[in-house]
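In: predicted structure and sequence below. I'll ask about it afterward.
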Amino acid sequence: MGFEYHADPCWDDLDGAVLFAGDPDDLDAIVEATDRIPYSTHVTVLIEAVSPVQVRAVELAPHVSLTWLVRGESGITHPAGGRGARLGIAVHAWCAEWACMDATVAVHCTVWLGPRTSPHIVRMARALVGAG
């Protein structure tokens, strides 16, 4: 188990749990990648949107879950606030759930973060997923 970074990942060979996190501009690339991931892999997609206008229906395979995180809708306040705050909380929760498990039930985890993802979220995800 550990953090994996691939400039050009081989989506067809992934197993375990996969997280895609980004913004609406990343969604088309994410959908294309999830279409290639084996059905035995648990895939989570987290997209942070500025407003409900950016939320759109997307057809995904049954093993892929998509959660839209719209800024300001949940009432969640975060010290960092603004851009990336909701995504950061959600990425942290996913990493804690999948990557910080007891070593006897370790799951291989892969995390893909969109190119505009805040650097603090990237550092946090690497620390959490690499911690297992």
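Out: Cool, got the structure. Residues are numbered from 1 along each chain as shown.
In: could I get the full set of strands for this structure?
Out: With DSSP state E as the criterion, the chain has strands at 17-22, 42-49, 64-70, 109-113.
In: which one of these lies closest to V55?
Out: Of all the strands of the chain, it is strand 64-70 that lies closest to V55, at 4.9 Å by Cβ to Cβ. For the C-beta atoms, the positions are set from N, CA and C on the backbone; glycine is no exception.
In: show me what the closest one is packed against.
Out: strand 42-49, helix 85-98 (3 or more Cβ pairs under 8 Å, 6 or more residues apart in numbering; DSSP states H and E).
In: give me the residue ranges of the chain where confidence is low.
Out: Residue ranges of the chain with pLDDT under 70: 1-9, 72-82, 99-107, 129-132.
In: ok, 50 please
Out: Residue ranges of the chain with pLDDT under 50: 1-7, 131-132.
In: of the helices and strands packed on strand 64-70, which stretch is the most buried?
Out: Among the helices and strands packed on strand 64-70, strand 42-49 has the highest mean neighbour count (mean count of other Cβ atoms under 10 Å), at a mean of 22.
In: contacting residues for A127?
Out: A127 makes contact with no residue under the criterion Cβ atoms under 8 Å, 6 or more residues apart in numbering.
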